[in-house]
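Participant: Quick one, structure for this:
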Amino acid sequence: MMVIGLTGKACAGKNQYAEVFAQAGCKVIDVDLLGHDALEQSKDELLQAFGAAVFTDGRIDRKALGALVFSNPEKLQLLESITHPKMVSACKAIIDAERSQPTAAVILNAALLKRMGLVTLCDRVLFIDAPLWLRFLRCRKRESLSWRRFLARERAQKDITFHAIGSAVACERMRNSHSKRLIHRQVATYCATIGIKISHSG
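Facilitator: This next block holds a predicted model:
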């Protein structure tokens with residue numbers, strides 16, 4: 001079984017590629033969703049670290065938390081020190097479980113693949129790239145994000161680059177032009193190149 005990291009900056013289109021891999025029969029781990037679980041498991045730590053301002057009616061206000069940490073590198077680092085270890089442990093557990101299944105590949109869909117240390121779990125990495133203007137339009141549509149908040153997120157993700165992955169693992173860049181047909185073709189070609197037999201049931 002192969003573990004493939006899928007990474008790139010916010011709204012580069014990682015989820016579109018992950019969906020195609022899932023249709024091809026691969027197991028996809030959405031690390032963002034694991035982050036939601038990690039937040040829920042960390043309520044007491046978050047209250048102590050950031051106070052009641054990031055809670056609404058006893059629930060974590062993810063928008064308020066995001067606005068706080070993306071404008072303050074120290075607070076972002078604190079949040080990651082609380083949640084990332086839980087997310088990494090969850091990834092390892094899922095990968096270990098899949099090794100006993102007839103799974104051709106596990107896809108680790110994670111923007112912060114390198115920062116979280118998840119690269120060490122990967123046999124290969126795919127870096128999804130898209131133009132800045134296109135990523136901003138997607139962020140604005142998906143999250144109603146202003147240009148100022150988008151740039152704040154960009155600054156927080158300045159370490160997410162193709163070259164930052166390093167040479168310890170094979171890394172390939174795919175450019176997302178918003179063409180679903182091209183994404184399907186890219187994934188099919190990639191799987192054929194690295195020897196993964198994919199299902200065509202999707």
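Participant: Could you use CA atoms for every contact and neighbour count after this?
Facilitator: OK.
Participant: Select the longest helix from the chain.
Facilitator: Using DSSP state H to assign secondary structure, the helix with the most residues in the chain is helix 73-98.
Participant: What's the first helix or strand after that helix?
Facilitator: Going down the chain from helix 73-98, the next helix or strand is strand 105-109, by DSSP states H and E.
Participant: which stretches of the chain have low pLDDT?
Facilitator: Counting by pLDDT under 70, the chain contains low-confidence ranges at 198-202.
Participant: Spatially central, which residue of it would that be?
Facilitator: A110 (2.1 Å; CA atoms, centre = their mean).
Participant: Enumerate every residue touching that residue.
Facilitator: For A110, the residues meeting the contact criterion (CA atoms under 8 Å, 6 or more residues apart in numbering) are G5, L6, T7, G8, D30, V31, D32.
Participant: helices and strands around the longest helix of the chain, which ones?
Facilitator: The contact analysis (3 or more CA pairs under 8 Å, 6 or more residues apart in numbering; DSSP states H and E) places helix 73-98 against helix 31-41, helix 43-50, helix 62-69.
Participant: still on that earlier bit, could you flag which of the contacts of A110 are buried?
Facilitator: Among those, those buried by neighbour count (16 or more other CA atoms under 10 Å) are G5, L6, T7, G8, D30, V31.
Participant: quick check, nearest of these to V20?
Facilitator: When those are compared for distance to V20, the smallest value, 12.1 Å, is given by L6; criterion: CA to CA.
Participant: Make sure I have this right: the closest one is in a strand.
Facilitator: Yes. With DSSP: H, G, I helix; E, B strand; the rest coil as the criterion, L6 is assigned to a strand.
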